[in-house]
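[1] Starting from these lines, generate the structure:
(chains A and B)
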Amino acid sequence: MSTRLAKGGRLIDSTKPLDFTFNGKRLKGYEGDSLASALLANDQMMVGRSFKYHRPRGIVASGAEEPNALVNLGTGGKFEPNQRVTTQELFDGLTATSQNHWPSLEFDIGAVNQLFARFLPAGFYYKMFIHPRPFWKHIYEPFIRQSAGLGKAPTEKDADTYEHFYFYCDVAVIGGGIAGLAAALEAGRSGARVLVMEQEAHWGGRAVVDGVMIDGEPAEQWIDNTLAELDAMENVTLRERMMGAGVYDHGYVLGYERLTDHDPKLAGPRHRLWRIRTKQIVTATGAIERPLSFAGNDIPGVMLAAAMRDYLVNYGVSVGDRTVVVTNNDDAYRTALALVDAGLVVPAIIDARPQGGGELMEEAIARGIRVEKGRGIAKVKGRARVTGVAICAQEGEGAVLAEIDCDAVAMSGGWSPVVHLWSHCGGKLNWDADQAMFRPDATRAPTGDKGQPFVITAGTANGHLYSAEVLVDGYTAGRTAAQAAGFTPAATEAAVGEDASQAPLLPIWLMPQGAGHALKSKAWLDFQNDVKVSDIQLAAREGYESVEHAKRYTTIGMATDQGKLSNINGLAILSQALDEAIPNVGTTTFRPPYTPISMGSIGGAARDELFQPIRKTPIQGWHDENGAVYEPVGQWRRPYTFTRGGESKHDAVKREILNTRNNVGLLDASTLGKIIVKGPDAGKFLDMLYTNMMSNLPVGKCRYGLMCSENGFLMDDGVVARIDEETWLCHTTTGGADRIHGWMEDWLQCEWWDWKVYTANVTEQYAQIAVVGPKGRQLLEKLGGMDVSKETLPFMQWADGVLGGFNARVYRISFSGELSYEIAVPASQGRAFWDALWSAGQEFGVMPYGTEGLHVMRAEKGFIMIGDETDGTVIPQDLNLGWAISKKKEDYLGKRAQERSHMADPNRWKLVGLETLDGSVLPDGSYAIAQGKNANGQRNTQGRVTSTYYSPTLGRGIAMGLVHNGPDRMGEVIEFNTTNGGTIKAKIVDPVFYDKEGAKQNV
Amino acid sequence: MLTLQCPYCGVDAEETELQGGGEAHLKRFGPGSNDDDFEGYLFLRENQKGIHFERWRHAYGCGKWFLAARHTNTLEVFGTYPAQSTEPPQHIKDAISAKLPGWKWGNFS
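    Okay, here's the model as predicted:
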């Protein structure tokens, strides 16, 4: 069993006990514990079940690479699934529950999958779920949905807050082990601005646990001294609990800082995403120990040798009383020695190398530990916990030579440098056959904007396994980075490390090398996704020769740990099966983030009302006070309608329309885009932008215009007013102002840069109010000031003047078909002007109206709306707007495209009005059905509804739509589909339903 | 997350300040052009692993459009220059030639 030892544990404070629960059980740990060490101290070795076969799984690692021990943490708004117990620090009151089992961790129904393991081989999903087709919906899909996913999704809104942080530096050091610290020291001493990040809560990496000596003293001393020196430098920022998550183009780095995960009682954001721009990056990210592939290597109690050492030295936790060590390198001997030092039993060290190891082996033998050279583990015995191992010859097929009782196995298959951050932005790797590892190739580093290398790797991440080399490498990396960032390194020397010498490692990819199918199908590569040696070999036999294909076929390395333990072992098995050298097969792509980061941190503060800025007109305060129901229009919120008392929205819209048609209505039109185009060539420019002629518009007049993309499609519309000889004011749609202004600038800067034209987007400089309805003129006359009579200011003209004491620009334009004045005043006067109109209008029955009333009234008049009648495939000709397309102009944007055969095709769907025979409202987006079916067995169509409303003015449903040859089919009745499967008959009519002659607006 | 220097205001702009505008140095074909020319103008684009000339707007800065010569694989930027250019400046062409001898892109080499 695993337990807490009476002595030891350099990171824990045994005077400060903490309470926590696992699956409801109350357990005790100490301050300084990780959740993993606290669980092990309580003999909770088994913490979850595997994804596919539901095999019992225990903690296998001690850091971010942990594949098995994923738990649900917290409850309610603090619930989060798939959290690694190895990277979670213990705090008082922590609650964790295990995942992927039913009904309980100890007894799990899904474990029967193991019995069918041979029916669930690589590519199982692809092979099994294809045929027969009808099985998919009722059998296969429910089965997959039942078993898919590890943790459960949270059900409540995240109660925590998150933030982004921007940071600029000269050198960013990722990794706070001795290599990273040595690099930071040199970069810091040069005067460069340095950021150092360490993903764990402690600095120094593995050096302390491994007993490294630096400058003649234990590593801890050098680490403390170095941290103190760095801390004192104003140009150096140290951050623990911060992972370098990703390296991106041109020196961009994401840092993921976990601020309160270790103590949720702390105030402030939970995670902080650092968006770092740096000149140089040093990746001192260490290495990850590899498992060995032998049968039963996933049984709880089998652990990485260095992890076992970590639990012992850092937390005073013994994983087992009798631990067999199995290795192909010298490092695992350190674990054996540490265990014996702690008074625990190591019955044997199984060393796959025929010659065994070096100095450390001699020491182990001298301490009386039995060393079995050239041997391997044939299989691990036990189900939910290791009970023993069977030993065999590594060179054989697994014939058992002896059995050893034990309750833990420490395994080491060598070390894989963490090359992820080096690789994210294109750093290349070399295969080091001697050490059996991929190492960064310093001559092929990621390059920046000047073609310069911007990532330097250092220490164990660079393939150095001796602390003496690690310290020199870190020192050199720090100096090189400082120099590349434009600083001069100080005259200092590297710290000196001392290590036991080591015998060479022997690459072992399968144990024993001749293992047959029975053993191989129990030799796990990817613990989290349940991929075995036999699966990779099957994939190779079935032709998956590319490592990227084999990965997706077997799912190796595709779990939340992204194959940190499994990728190199899987790759080696694949290359053997293909009879190719490992570097020829290559690695899969390393993609950021290094370990999963929270969605909350990616969002940062951008949630709820801060998700995007909301633009407000000067009159919005009035709307808020008067029952406005808003709808989003671009980044604006516009009143949809203004409800009164208990009135429904529908009734409010109806009331607003009837009042506007009979009395007078007010519309806040401030959101409409207003762009000034000015200059000697402004007329020529607008002639290119609009389909119709704008250069000949007389000063003082207004003209409706259309804008098309170069593809010919209608993209915006609005009224243009000629202000003076050189100045035009272009109205755009509410959502289009910024886009159209950008469009104008694009053409002026990039195509016609010799034209003398200036543009200015003055949308927010004016408040604009539409005074609409037969009593509108009386209202303005009551306010008093400028002459607004038909004679002085007729339809489609504008004039500057004073109204009720306000400087105003009044446009006689109408989007409703009524007598209408759109009046622009300076934005700062908007609310006061609205209030003045409101007071003066009371005797005329004035009411505000919203966007829905605006939409209905424009539809009653057959006016198109960008985004309803257009969708990026509609040209003006489709909308019978040929009258707004100049025949005289040689060119305008979109003209050439509209000459293409498909655009000129007489068989296009064209705009018509639609009247249901029964007066009902056609469903939005409904299609007009035609005879026959298309190749996919769907009904053919001959048109679609683009706008559909209940018209209070006419007391019936009205609609506009695009119909095949529509304008030639007036009076014809066609059928539209509905959502309940039936159809509605509608007659094709003129789209102008109200006041066809335009008599009402021209008064 | 590229950084590009805006040739107008001189700022080393982050990609988040910029708006991409696709291929640079397109020649516009309008009414009267033949279908092939128009198709090329509207739809056909260079797509090399290597040098690329592209349009960027310093949208959250000075608002100016400019052009950049960038390596699509190594992300090296050989230079940025004003949008009011009918071809890349010679010093940028030389910088490209130093890294990519014999390069060709559209009508430029």
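[2] Quick check: mean pLDDT of the longest helix seen in chain A?
    Secondary structure of chain A per DSSP state H: the longest helix is helix A:467-484. Here helix A:467-484 scores 98 as its mean pLDDT.
[3] With stretch A:595-612 instead?
    93.
[4] Show me what counts as buried in it.
    For stretch A:595-612, the neighbour count (16 or more other C-beta atoms under 10 Å in any protein chain shown) marks A:595, A:597-598, A:600-601, A:603-604 as buried. All C-beta atoms are positioned from the backbone trio N, CA, C, and that covers glycine.
[5] rewinding a little: so after the longest helix of chain A, what's the next helix or strand?
    strand A:497-498 (DSSP states H and E).
[6] just how off-centre is that next one within its chain?
    With C-alpha atoms, centre = their mean, to the nearest Å as the basis, strand A:497-498 stands 43 Å off its chain's centre.
[7] Just give me the neighbour total for residue A:953.
    Applying other C-beta atoms under 10 Å in any protein chain shown, we find 19 residues neighbouring residue A:953.
[8] With the one 5 residues further on instead?
    A total of 26 residues lie near residue A:958 under the criterion other C-beta under 10 Å.
[9] for whichever strand or helix holds it, packing partners?
    For residue A:958, the element it lies in under DSSP H and E is strand A:956-964. In terms of contacts (3 or more C-beta pairs under 8 Å, 6 or more residues apart in numbering or on different chains; DSSP states H and E), strand A:956-964 is packed against helix A:851-860, strand A:909-916, strand A:927-933, strand A:939-951.
[10] In chain A, where is pLDDT below threshold?
    For chain A, applying pLDDT under 70 flags the ranges A:101-137, A:139-149.
[11] So which residue of it lies furthest out from the middle?
    Distance to the chain centre peaks in chain A at residue A:791, reaching 60.6 Å (criterion: C-alpha atoms, centre = their mean).
[12] which residues of chain B fall in strands?
    B:3-5, B:12-14, B:19-23, B:51-57, B:65-71, B:77-82 (DSSP state E).
[13] Could I get the phi/psi values of residue 76?
    Defaulting to chain A. The phi/psi pair for residue A:76 (degrees, to the nearest 10) reads phi 60, psi -130.
[14] try again with chain B
    phi -60, psi 140.
[15] List the single closest residue to it in space, sequence neighbours excluded.
    Setting aside the residues directly before and after it, residue B:76 is nearest to residue A:451 in space (C-beta to C-beta, 6 or more residues apart in numbering or on different chains), at 4.1 Å.
[16] Ok, residue A:642 next?
    The spatially closest residue to residue A:642, leaving aside those adjacent along the chain, is residue A:627, at 4.7 Å (C-beta to C-beta, 6+ apart).
[17] From residue A:847, how far out is the one you found?
    Using C-beta to C-beta, to the nearest Å, one gets 11 Å for the distance from residue A:627 to residue A:847.
[18] Can you find which helix in chain B contains the most residues?
    Under DSSP H, chain B gives helix B:90-99 as its longest helix.
[19] Quick one: list the elements packing against it.
    Judged by 3+ C-beta pairs under 8 Å, 6+ apart, the packing partners of helix B:90-99 are strand B:65-71, strand B:77-82.
[20] So which residues make contact with the last one?
    When contacts are taken as C-beta atoms under 8 Å, 6 or more residues apart in numbering or on different chains, the neighbours of strand B:77-82 outside the stretch itself are A:449-450, B:2, B:4-8, B:51, B:56, B:64, B:66-71, B:88-89, B:91-92, B:95-96, B:99.
[21] Now do the buried residues in that strand.
    Residues B:77-81 are the ones in strand B:77-82 that count as buried (16+ other C-beta under 10 Å).
[22] Quick check: the closest residue to residue A:405 other than its chain neighbours vs residue A:756, distance?
    Nearest non-adjacent residue to residue A:405, counting by C-beta to C-beta, 6+ apart: residue A:388, 4.6 Å away. Noted for residue A:388: a distance of 90 Å to residue A:756, by C-beta to C-beta.
[23] Neighbour count for the two, which is higher?
    Ranked by neighbour count (other C-beta under 10 Å), residue A:388 and residue A:756 place residue A:388 first, with 17 against 14.
[24] Tell me if I'm right that the more buried one and residue A:409 touch.
    No: between residue A:388 and residue A:409 there is no contact under C-beta atoms under 8 Å: 9.5 Å.
[25] Now for those two: what residues contact both?
    Overlap of the contact sets of residue A:388 and residue A:409 (by C-beta under 8 Å, 6+ apart) consists of residue A:380.
[26] Can you give me every residue that contacts residue B:70?
    Each residue near residue B:70 by C-beta under 8 Å, 6+ apart is listed here: B:2, B:51-54, B:76-78.
[27] Strand B:65-71 and the longest helix of chain B, what's the angle between them?
    Put simply, helix B:90-99 runs at 20 degrees to strand B:65-71, going by axes from the mean of the first three to the mean of the last three C-alpha atoms, to 10 degrees.
[28] hang on, the earlier thing: let me know the closest of the contacts of residue B:70 to residue A:799.
    The closest of the contacts of residue B:70 to residue A:799 turns out to be residue B:54 (C-beta to C-beta; 46.8 Å).
[29] quick one: the closest one and residue B:20 touch, right?
    Yes: in this structure residue B:54 lies within contact range of residue B:20 using C-beta under 8 Å: 7.0 Å.
[30] The two: who's more crowded?
    residue B:54 (19 against 12).
[31] That one and chain A: what is the separation?
    When distance is defined by C-beta to the nearest C-beta, to the nearest Å, residue B:54 is 12 Å away from chain A.
[32] roughly how far apart are that residue and residue B:88?
    For residue B:54 relative to residue B:88 (C-beta to C-beta), the value is 11 Å.
[33] who touches both of those two?
    Contacts common to residue B:54 and residue B:88, judged by C-beta under 8 Å, 6+ apart, are residue B:67.
[34] near chain B, which residues of the stretch 151-300 of chain A show up?
    Counting by C-beta under 8 Å from any C-beta of the partner chain, the positions of the stretch 151-300 of chain A adjacent to chain B are A:248-252, A:277.
[35] go again using 6 Å as the cut-off
    Within reach of chain B by C-beta under 6 Å from any C-beta of the partner chain, the stretch 151-300 of chain A has these residues: A:248-250, A:252.
[36] picking up where we left off before, tabulate the buried residues of stretch A:595-612 (JSON lines), appending distance to chain B.
    JSON lines is the format used below for the buried residues of stretch A:595-612 (distance: C-beta to the nearest C-beta, whole Å):
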{"residue": "A:595", "distance to chain B": "20"}
{"residue": "A:597", "distance to chain B": "16"}
{"residue": "A:598", "distance to chain B": "20"}
{"residue": "A:600", "distance to chain B": "20"}
{"residue": "A:601", "distance to chain B": "17"}
{"residue": "A:603", "distance to chain B": "16"}
{"residue": "A:604", "distance to chain B": "13"}
